[in-house]
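Chemist: Need a 3D model of the sequence below.
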Amino acid sequence: MFKSIVSALALASAVSAVPAWSPPKSYSLKQLARFDNENGVPLVAVAPIDIYLDIKWNGMSLAETLIDSTVPGIVPNTPKNYAAYAVPDTATITQGQPAMTVNYPDSTISSFSLRSFYYGCSIAAETSVTAVPTTCTVTITGKDANGKTLKTQSFKYDPKGALSAQMMKASVSGFDTMYSVEFDTTTGNLVTDLLVATVIDTVDYTVYGANPIPN
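Modeler: Numbering: from 1, shown residues only. Predicted structure coming up:
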């Protein structure tokens, strides 16, 4: 009993010894990631985005589309590009968990606040020519530099059976001063989860740092 109490006290002491994460926010810069000034491979999502507008888009590829609302698929919020991830996607396989993060070599960004993004889901491919819009739930999880979960929020996408579907806006709440924001997609079906592709566009966020941030 006494040993258990001592162990519990020791654990509590160790936990309390971990300093609270408090990144510098002396400077800030508002960003809007549309991905449209990047060059991908038309109709194929094979190019990892990597670092774009001060954020590493981990596990996400650049999908370049040539479609309009008359062609089956997810219509980009701001044509012609969007970010995409899926279980079989090259970037997702090689880089792992799809996420926005400030953790990359030579990063001068200490944290960021996510405000909103547009999203959609499809079966078969991220690119719209071969994609069929499908219902899904996209869950975002914000974490600090220690990997501690700070906030989660989920958004449901429903194309209502349309073969050509617009993206929906996710208005994010409480995702301030994050080190990373992870993206996960589910469909309610394990088989479909392996086939679903999620596309992201027009991401509104603000980055922070201890030093001036170049435009």
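Chemist: which stretches of the protein form helices?
Modeler: Secondary structure of the chain, counting by DSSP state H: helices at 2-17, 90-95, 190-195.
Chemist: For the ones you listed, which has the smallest mean pLDDT value?
Modeler: Per-segment confidence across the helices of the chain bottoms out at helix 2-17, which has a mean of 41 in mean pLDDT.
Chemist: low-scoring pLDDT stretches of the chain, where are they?
Modeler: Counting by pLDDT under 70, the chain shows low-confidence ranges at 1-19, 38-46, 66-71, 124-130.
Chemist: Can you report how many residues neighbour the residue lying closest to Ile200 once chain neighbours are set aside?
Modeler: Counting by C-beta to C-beta, 6 or more residues apart in numbering, Ile200 lies nearest to Ala83, which is 4.3 Å off, once chain neighbours are set aside. Backbone N, C-alpha and C define where each C-beta goes, glycine included. A count of nearby residues for Ala83, using other C-beta atoms under 10 Å, gives 29.
Chemist: residue contacts, Ala83?
Modeler: Listed by C-beta atoms under 8 Å, 6 or more residues apart in numbering, the contact set of Ala83 reads 33, 35, 49, 57, 60-63, 199-201, 203.
Chemist: With Cys136 instead?
Modeler: When the contact criterion is C-beta under 8 Å, 6+ apart, the partners of Cys136 are 121, 156-157, 185-187, 196, 198.
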